[in-house]
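Turn this into a model:
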Amino acid sequence: MHVAHLTLHNFRSYADVDVALEPGATAFIGRNGQGKTNLVEAIDYLSRLSSHRVATDAPLVKAGADQAIVRASVVKEGRTALLEVELNPGRANRARINRSPLPRPREIVGLVRTVVFAPDDLTLVKGDPSDRRKLLDDLLVLRTPRLAGVRSDYDRILKQRNSLLKTAGIARGSSRDAAMSTLEIWDDNLARVGAEILGARLQLVDDLRPYLGKAYEAVARGASRDDADLDYRASVDVESSGGDLQQALLDAIAAKRKDELDRGISLVGPHRDELLLTLGTGSGPDDLRLPVKGYASHGESWSFALALRLASYDLLRADGDDPILVLDDVFAELDAERRSQLAGLVAGAEQVLVTAAVAADVPASLQGVRFLVADGQVTRDE
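Just a heads-up that it's a prediction; the model follows:
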């Protein structure tokens with residue numbers, strides 16, 4: 001899979017731009033603030049309908065405009081499709097395939113698959129649990145696009161249930177009885193949809209684990225594939241559930257009822273879970289595993305973050321389709337040895353898009369087509 005042509009209208013810093021792309025490595029070179037990252041961000045947005053830089057769509061629309069358009073010609077297995085998303089902050093976005101409107105924008109998710117390496121990937125290791133949950137959910141949606149709808153349903157249920165918990169917590173008499181009765185319905189909804197997300201995440205962690213070990217061995221000096229590991233810590237007792245995750249969630253909700261009413265928030269469900277990242281301290285029978293967050297050095301943390309992205313790429317590739325790799329200003333954060341290691345691992349991808357402030361930051365194995373980005377212009381460097 002690769003993007004053959006990218007067109008942007010009122011996206012970020014670009015009023016209009018058209019860029020013809022090729023398979024293999026492409027580098028966008030330009031000083032900070034010139035718009036090179038905006039180009040790869042647009043391709044990643046087509047993949048997930050979200051940005052790896054901001055949480056909402058509003059910053060993606062050029063200042064003074066009320067709408068942005070991202071359009072890409074995508075080639076997969078010799079066939080070309082034209083994908084388009086119309087961003088309308090404050091209103092519903094729209095999506096099209098080959099000029100034909102889709103009933104729901106999320107139906108475009110997963111048609112382009114990207115894996116993005118970026119400087120803020122360190123938050124995967126050092127950030128909040130929500131950063132690691134997002135890593136899992138974004139990967140889930142790329143592998144199984146219909147889960148985008150499941151995630152959306154869960155977010156809606158969670159919002160409604162939290163609102164009802166606040167109401168029930170302060171209501172009295174018949175009003176409280178009515179709220180509690182309605183709450184039981186939302187308990188069932190949260191458990192039903194939450195169980196699907198929980199089951200998918202557990203399977204994903206199992207699938208990702210061997211790829212993580214292999215990737216960490218490749219990027220960390222002197223590491224073995226047994227050093228890095230990950231595990232899923234749910235807000236329910238998965239091992240005792242007998243596989244009935246929905247009932248496990250309902251039981252945990254019942255046990256937390258008083259605390260939830262007191263606090264006015266949902267304390268059970270996938271939104272409370274954590275992805276645990278650990279490093280081994282040795283190879284003997286008494287080998288300890290310590291959490292990466294708080295114990296790993298800066299270099300180890302960087303290696304682990306890179307390994308998570310590489311493992312994601314390898315897993316998607318194992319599914320039968322080469323995702324587009326985006327290396328967004330990542331080489332400036334790495335020493336020469338890690339630059340070379342990372343470049344060697346990804347050079348064989350069908351399409352690699354690199355951004356860098358200076359050409360010297362791009363390793364020789366990724367010196368393919370080069371574009372210069374300056375003053376809102378994208379010019380191929382011949």
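
so who does residue 84 touch?
Listed by Cβ atoms under 8 Å, 6 or more residues apart in numbering, the contact set of residue 84 reads 69-72, 95-97, 99. For glycine as for every other residue, the C-beta is placed from the backbone atoms N, C-alpha and C.

What of residue 54?
Neighbours of residue 54 in contact, by Cβ under 8 Å, 6+ apart: residue 60.

That one sits in which helix or strand?
For residue 54, there is no enclosing helix or strand under DSSP states H and E.

picking up where we left off before, the contacts of residue 84, buried ones only, as a PyMOL selection?
To isolate the buried members of those in PyMOL, using 16 or more other Cβ atoms under 10 Å:
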select buried, resi 69+70+71+72+95+96
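
Which single one of the contacts of residue 84 is nearest to residue 167?
Closest to residue 167 out of the contacts of residue 84 is residue 95 (35.8 Å), distances taken as Cβ to Cβ.

what are the phi and psi values for the closest one?
The phi/psi pair for residue 95 (degrees, to the nearest 10) reads phi -140, psi 150.

quick one on the thing from earlier: redo the contacts of residue 84 as JSON lines? Include distance to residue 26, pLDDT and secondary structure.
Formatted as JSON lines, those follow (distance: Cβ to Cβ, whole Å; pLDDT from 0 to 100; DSSP: H, G, I helix; E, B strand; the rest coil):
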{"residue": "69", "distance to residue 26": "22", "pLDDT": "97", "secondary structure": "strand"}
{"residue": "70", "distance to residue 26": "17", "pLDDT": "97", "secondary structure": "strand"}
{"residue": "71", "distance to residue 26": "18", "pLDDT": "97", "secondary structure": "strand"}
{"residue": "72", "distance to residue 26": "14", "pLDDT": "97", "secondary structure": "strand"}
{"residue": "95", "distance to residue 26": "25", "pLDDT": "96", "secondary structure": "strand"}
{"residue": "96", "distance to residue 26": "25", "pLDDT": "96", "secondary structure": "strand"}
{"residue": "97", "distance to residue 26": "24", "pLDDT": "96", "secondary structure": "strand"}
{"residue": "99", "distance to residue 26": "26", "pLDDT": "94", "secondary structure": "coil"}
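
just the contacts of residue 84 now: which is nearest residue 314?
Nearest to residue 314 out of those is residue 72 (Cβ to Cβ; 24.1 Å).

Next one: the closest one relative to residue 85, how far apart?
Per Cβ to Cβ, to the nearest Å, residue 72 is found 9 Å from residue 85.

Which neighbours do those two have in common?
With Cβ under 8 Å, 6+ apart as the test, residue 72 and residue 85 both reach residue 46.

Got the confidence number for the residue nearest to residue 87 when sequence neighbours are not counted?
Excluding the flanking residues, the one nearest residue 87 by Cβ to Cβ, 6 or more residues apart in numbering is residue 68, at 4.3 Å. As predicted, residue 68 sits at a pLDDT of 96.

Just the helices from this structure, written as ranges.
Counting by DSSP state H, residue ranges of the helices within the chain are 36-48, 123-126, 129-143, 147-170, 173-219, 245-255, 257-263, 292-295, 298-318, 336-346.

Just name the most buried of those.
Of all these, helix 36-48 has the most neighbours on average by mean count of other Cβ atoms under 10 Å, namely a mean of 24.

what is the rounded mean pLDDT of that one?
Averaged over helix 36-48, pLDDT sits at 94.

Low-confidence ranges, the stretch 101-250 of the chain, go.
For the stretch 101-250 of the chain, no stretch is flagged by pLDDT under 70.

At the geometric centre of the protein, which residue do we find?
Nearest to the mean C-alpha position of the chain, by Cα atoms, centre = their mean, lies residue 138 at 3.8 Å.

Check whether that residue really touches residue 48, as I assumed.
Yes. At 5.8 Å, residue 138 and residue 48 qualify as touching, with contact defined as Cβ atoms under 8 Å.

before we move on, back to that, how about CSV for the helices of the chain, with distance to residue 273 added?
Listed next are the helices of the chain as CSV, based on distance: least, Cβ to Cβ, whole Å:
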stretch, distance to residue 273
helix 36-48, 20
helix 123-126, 15
helix 129-143, 7
helix 147-170, 12
helix 173-219, 7
helix 245-255, 11
helix 257-263, 16
helix 292-295, 16
helix 298-318, 17
helix 336-346, 30
